[in-house]
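>>> no sequence for this one, just the structure:
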């Protein structure tokens, strides 16, 4: 895969508290911080990375149509997926110990990753994965029981 072209954003009632929580619980690093002006603190913009890679934007609820799950009855329209360089089980235990709700325990997947899911303090759903073994497309299709269309999976 080439240069990253999609970047997701999550919005929180209190984005500064969310940044501190995401750093402490998931080990993310703040790579950009722009506070909103005093008269409009909701017009802030923050960015995080994981192990020096990737980018997720974090902001406030700055319009009626942009709300966190805690402000809209708990529903999510997306799940943010994070590919870890390794140490998935340790990452899960760190998140659990720091107060994340673990929505799905670490499990090996048919495509060669180990994954778990967690919920943050405002109800956003996150999935985390680490690659644990190489699986051919044919092996994955056999495990799944149906064909897989993929442009770069042999």
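Received it, and whenever you're ready, just let me know what you need. As the structure is a computational prediction, the values presented were derived from the model and not from experiment.
>>> in its sheet, what does the strand or helix carrying residue 117 sit against?
Residue 117 is part of strand 113-119, with elements assigned from DSSP states H and E. Using DSSP bridges, strand 113-119 pairs in its sheet with strand 101-108 (antiparallel), strand 125-131 (antiparallel).
>>> can you list the residues that contact the last one?
By Cβ atoms under 8 Å, 6 or more residues apart in numbering, the list of residues contacting strand 125-131 from outside reads 26, 69, 76, 78-88, 91-92, 103, 109, 112-120. C-beta here means a position set from N, CA and C on the backbone, and glycine is covered the same way.
>>> In that strand, which residues are buried?
Residues 125-130 are the ones in strand 125-131 that count as buried (16 or more other Cβ atoms under 10 Å).
>>> circling back to that earlier point, pull out the buried residues from the contacts of strand 125-131.
Counted by 16+ other Cβ under 10 Å, those give 26, 69, 80, 82, 84, 88, 91-92, 113-120 as buried.
>>> can you pull out the helices in this structure?
15-26, 88-97, 137-144 (DSSP state H).
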